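Q: have a look at this fold, sequence not included:
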Ligand SMILES: O=C[C@H](O)COP(=O)(O)O
């Protein structure tokens, strides 16, 4: 069976399609991950990625999985190696996110039945990631290479591939991306701001609620 048709990928796409947003947590440490995740949850965001570049990310993911409950998908980001995949599977993550296309990572994730949001940028990379079993393809970093116009251009010849623009996605561009056919959008800094280093959570609440409402128009 083609990897795109595997049950875990289909189920992941169904749940991401119901949310349209991946909120990315990446910081110097994971001290505020649980507080920020709770604000995101309360605003209606149900898909959260915690980047492995954050020390203690896997422990924090375990906490989020316990505290947020089964209606939220919690994944690990910045997954780059087969051993990262093994560690994430042991931690019980719901999905993986990679910055790059790695056949080894995709193949190992398939063995665990873990959906992968696979990073790719060019049409060749995007197609290769999809054919190798990505659940969706993260177009990264989309902001610096052309934003919504770039998404439209790469999507035209690859219309069946679910694309998730990531990297420099501002709140003001979310409707543009989703209107151009993005399967979902992902954001770290423009959404989270300074909340992961002790910044104001009321500002995060405002941005997260706005994002959830914008995305909700496309569900
Ligand atoms: O891990 C984060 C991605 O690189 C996206 O970051 P950003 O939304 O702050 O541009």
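A: Yep, that arrived. None of these values were measured; they are calculated from a predicted model.

Q: which bits of the chain sit near the ligand?
A: Residues of the chain lying near the ligand by Cβ under 6 Å from any ligand atom: 24, 26, 51, 77, 166-169, 187-190. Quick note: C-beta positions are derived from backbone N, CA and C, even for glycine.

Q: which among those end up buried?
A: Using 16 or more other Cβ atoms under 10 Å as the burial test, those include 24, 26, 51, 77, 166-169, 187-188, 190 as buried.

Q: flag whichever of these scores worst on pLDDT.
A: For these, the weakest pLDDT value sits at residue 190, with 94.

Q: which residue, other than its chain neighbours, is closest to that residue?
A: residue 170 (4.8 Å; Cβ to Cβ, 6 or more residues apart in numbering).

Q: let's verify the closest residue in space to residue 205 that isn't next to it in sequence: helix, strand, or coil?
A: Leaving out its chain neighbours, the residue that sits closest to residue 205 by Cβ to Cβ, 6+ apart is residue 39, at 5.5 Å. At residue 39 the chain is in helix, as set by DSSP: H, G, I helix; E, B strand; the rest coil.

Q: check contacts around residue 39.
A: 195, 201, 204-205, 208 (Cβ atoms under 8 Å, 6 or more residues apart in numbering).

Q: go again with 7 Å.
A: 201, 204-205, 208 (Cβ atoms under 7 Å, 6 or more residues apart in numbering).

Q: now the residues of the chain next to the ligand in a markdown table, with secondary structure?
A: A markdown table is the format used below for the residues of the chain next to the ligand (three-state DSSP):
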| residue | secondary structure |
| --- | --- |
| 24 | strand |
| 26 | coil |
| 51 | strand |
| 77 | strand |
| 166 | strand |
| 167 | coil |
| 168 | coil |
| 169 | coil |
| 187 | strand |
| 188 | coil |
| 189 | helix |
| 190 | helix |
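
Q: thought residue 48 was touching residue 65?
A: No: counting by Cβ atoms under 7 Å, residue 48 sits too far from residue 65 to count as a contact (9.9 Å).

Q: more crowded one of those two?
A: Each of residue 48 and residue 65 has its neighbours counted (other Cβ atoms under 10 Å); residue 48 has more, 26 against 18.

Q: and the more buried one, that one's in a strand?
A: Yes: assessed with three-state DSSP, residue 48 lies in a strand.

Q: could you pull out the strands for this structure?
A: Assigned by DSSP state E, the chain shows strands spanning 21-25, 47-51, 73-77, 95-97, 116-120, 136-139, 163-165, 185-187.
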